[in-house]
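**Student:** Okay, here's the prediction I keep looking at, along with the sequence it came from:
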Amino acid sequence: MRFNIKPRVYVICRAIYRRIPIRDSRIRGRLRASVINIFYYLGISPQYNVMVESLPKIVEKAGISANAETRSIGIGLLEHLGDIVACEPISRYIRNLYPNATITWVVRAEYEDLVRHNPNVDIIHIASCLTEWIRLVNHNTFDKVVDLHVNGRVCEHCRIPLEKTSGNANVTGWTYFNYGPLLTAFSVGAGLPPLNDAPRLYIPANVRAAVGELRIKGPYIAIHRHGNVCNGTSKDWDDMKWRGLVQSILDAYGALYVVDIGVAREEACLVESDRYIDLRGELTILESAEVIRRAVLFIGVDSGPAHLANAVATPGVILIGVLPPFEEYMPYCGGYASGMARIIRNENGPVAKIPLNDVRTAVESALEAVGIKVGYERTVSPISMLDESIKGKEVDPNVGRGWGGPCKVLAFYLPQYHPIPENDRAWGKGFTEWRNVGAAQPWFVGHDQPRVPADLGYYDLRVPDIMRQQAAMAQEHGIFGFCYYYYWFQGLRPLITPIENMLNDKSIDIPFCFCWANESWTRRWDGGNREVILQQSHDHQDDVAFFNSVAPAFMDDRYIKVDGKPLLLIYRTELFPDICETTNLWRREAERNGWPGLYLVRCESFGGAVDPAVVGFDAAYEVPTFKLPDHMLVGEKDIMGIHKRFHGRIVSYKKIVDYYAHRPAANYTRYYDVMLAWDNTARYGNMATVFHGVTTDLYKTWLATAIARTMREHSERERFVFVNAWNEWAEGSYLEPDIKRGAAFLRATREVVEEHMGRRAPK
């Protein structure tokens, strides 16, 4: 083949390959690998001095149309388990930089499952060894290469060393931990910014179902005993100490099981007990991850499964020893680097020399943090496994319509998305917040704007069928009911049309209650006094009129009641001149209309946290956006590419979840309010508040914790958990499906309700 023909053949074949309609990533990856190997043996590659500008012409002459915006990006990290899990955030980072690119992850076959379900990876290329990756790089297979291997690594089969020509060649097997955790070191080595984000793991439904069929009968601790040898150093703890630890756990916690995972070994089981379950060698990698995810605690050495535990946010106790040539190292980013794991170190020697008592003490402390104390006999409800007494109760199997269920999840609902005269005058004819939602712009790398609705589209709430679909969707995914925001301004009810449609249409069959959003409407969206659209004021006469406006809804069978009392939330109690007089008036009016009273809940907003009884209320509900101190701000802003005109606040969702999931209980009934992704860019532009690092796993942790705490702290009649929100699109806080995530947060809600309430949602 002549010199000037080779690159043309390569480019034409590559363009044809991109047009082949093969959706299965594994088939596509293997086809690509086969073609590349053929090119390699024929000596065909695009390295023969062909100018980049000439490539489109070659394709055009061949009659093949190419998308000039398409980029082919190859991420190379063949092994090991922990490395691949730790580096998952890199795929998200690359996807945010190149949203239209075709991203290929090159990996060994035994680790394929770790990237197969990653939504940011389009193609998986199975490579047998490091030499194959070197060939892919040298033959310009990808427009851009992200080589996560450390420089100088030698192929264990072919003995060919990797000599990196891009990135930071100083990141080697003997220096990488000097650059930080695995993710940070590998990203720097690949020429990326020093990333430091929590990893995610994508576990499909079939894997979760398979683990659900295992023989684990109660709450359990997952353990992993053996790590690989690194730099000639073993990471294993002594098996005699493992045996002592497991036996002490089984003796001290009568309801806990211990599940042993990892690869099969020759040594016998640790102890003889029906509460010690040996699953070594029986699980796939993802099944192991799911077993860890369901555990109340993970205990292990520094190894791949510890990274799985970090990625699924299971609290951990991790044993780490000296690893030459590093005096001290931290492998993890995310939760395990910020307190979710208790790291037990031997700073002067190997892991094997860590005393048993040090580990036993750490385990007791970790278990107590999730509500399990010594002597635990299923009398306490840990976060990840509620009491068997609760699970055994007969309840309505329909989660959405679980009228007598153990805990009810209510989602706040905004009845805004339809034109009204007030908004026409303030913002222009036909205005709804969809206009702002669609016009929002991103302010930093990875900023998820604009938000685009999926299943229901840009709906109009004047159409009752939309509300029927919303009710069905909510009930299917574990939402008990909606808390509709109710707007009343001295007799004016600007957003009443959807609510009236719902009241008149019994086929919108979902329980509901009202929250009076009793603040002024302004053009600044903050309830203040500047550029007022609708002014709010309170007096005795208006209190009576408001009650008379909502009383007919209380008679609806769908309206939520506590001991027969209609449930009513008030957003800003501090705006009333005498709130106790108002609540006394409303209770009298309720009794006069035949109810035993009202169940009143105040928002802990501008008025702060006070005992609701002091102001005439039965309970309070928290709003996390009202308490976001500066220590919750993200710490990596310098690598986020933030626009110089952005002056808002970027808050760490992980820090918010940590704070509110472990916030001390109040000495009164306070309802937990679980937040989704808060981002009010659509309203505030460059002054927005943005929750950063939002994941379904963190949301599930928060929701599961809220349910568990509600079950422990509240009486049976007062067990509600709020989710903010069903459809606050302009504030980036919604359960409804969108184009980017689909129904991920709805599915997450359903999974938590199914797992933590011991029942199943309707299919």
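**Tutor:** The structure has been received and is ready for your questions.

**Student:** measure Pro193 to Ser733 for me?
**Tutor:** Plainly put, Pro193 is 28 Å away from Ser733 if you go by Cβ to Cβ, to the nearest Å. Where you see a C-beta, it was placed from the backbone N, CA and C, and this is true even at glycine.

**Student:** the more surrounded of these two?
**Tutor:** For Pro193 and Ser733, the more surrounded residue by other Cβ atoms under 10 Å is Ser733, and the numbers stand at 24 against 15.

**Student:** Would you check that that one makes contact with Phe722?
**Tutor:** No: if you go by Cβ atoms under 8 Å, Ser733 and Phe722 don't touch, sitting 11.9 Å apart.

**Student:** List the buried residues for stretch 408-423?
**Tutor:** 408-418, 420, 422-423 (16 or more other Cβ atoms under 10 Å).

**Student:** And the strands in the stretch 51-200 of the chain?
**Tutor:** Residue ranges of the strands in the stretch 51-200 of the chain, as given by DSSP state E, counting those that start in this stretch, are 72-76, 102-107, 123-126, 144-147.

**Student:** Kindly reformat these as JSON lines containing mean neighbour count, mean pLDDT and distance to Gly457.
**Tutor:** Formatted as JSON lines, the entries for those read as follows, by neighbours: other Cβ atoms under 10 Å; pLDDT from 0 to 100; distance: least, Cβ to Cβ, whole Å:
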{"stretch": "strand 72-76", "mean neighbour count": "22", "mean pLDDT": "94", "distance to Gly457": "32"}
{"stretch": "strand 102-107", "mean neighbour count": "24", "mean pLDDT": "95", "distance to Gly457": "28"}
{"stretch": "strand 123-126", "mean neighbour count": "22", "mean pLDDT": "94", "distance to Gly457": "30"}
{"stretch": "strand 144-147", "mean neighbour count": "21", "mean pLDDT": "94", "distance to Gly457": "35"}
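
**Student:** got CSV for those strands, with distance to Ala309 too?
**Tutor:** Listed next are the strands of the stretch 51-200 of the chain as CSV, based on distance: least, Cβ to Cβ, whole Å:
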stretch, distance to Ala309
strand 72-76, 23
strand 102-107, 21
strand 123-126, 24
strand 144-147, 26
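
**Student:** and Ile533, which of the three is it?
**Tutor:** Going by DSSP: H, G, I helix; E, B strand; the rest coil, the secondary structure assigned to Ile533 is strand.

**Student:** out of everything not next to it in sequence, what's closest to it?
**Tutor:** If you skip the residues right next to it in sequence, Ile533 has Trp521 as its closest partner in space, 4.1 Å away by Cβ to Cβ, 6 or more residues apart in numbering.

**Student:** ok, now Val445?
**Tutor:** Nearest-residue entry for Val445: Gly641, 3.9 Å, with adjacent residues in sequence omitted and distances by Cβ to Cβ, 6+ apart.

**Student:** neighbours of the one you found, just the number please.
**Tutor:** Burial of Gly641, expressed as a neighbour count using other Cβ under 10 Å, amounts to 15.

**Student:** give the contact list for the closest residue to Glu433 other than its chain neighbours.
**Tutor:** What sits nearest to Glu433 in space, not counting adjacent residues and going by Cβ to Cβ, 6+ apart, is Ala730, at 4.3 Å. Counting by Cβ atoms under 8 Å, 6 or more residues apart in numbering, Ala730 touches 433, 436-437, 680, 682-683.

**Student:** Ile203 now?
**Tutor:** Remark: with contacts taken as Cβ under 8 Å, 6+ apart, Ile203 is in contact with 117, 286, 289-290, 293, 312.

**Student:** What segments of the stretch 51-200 of the chain are helices?
**Tutor:** Along the stretch 51-200 of the chain, the segments classed as helices by DSSP state H, counting those that start in this stretch run 55-61, 81-86, 88-97, 113-116, 130-138, 182-189.

**Student:** could the ones you listed go into TSV alongside distance to Lys627, mean neighbour count and mean pLDDT?
**Tutor:** Listed next are the helices of the stretch 51-200 of the chain as TSV, based on distance: least, Cβ to Cβ, whole Å; neighbours: other Cβ atoms under 10 Å; pLDDT from 0 to 100:
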stretch	distance to Lys627	mean neighbour count	mean pLDDT
helix 55-61	55	14	35
helix 81-86	32	24	95
helix 88-97	28	20	92
helix 113-116	37	22	93
helix 130-138	48	20	92
helix 182-189	30	25	95
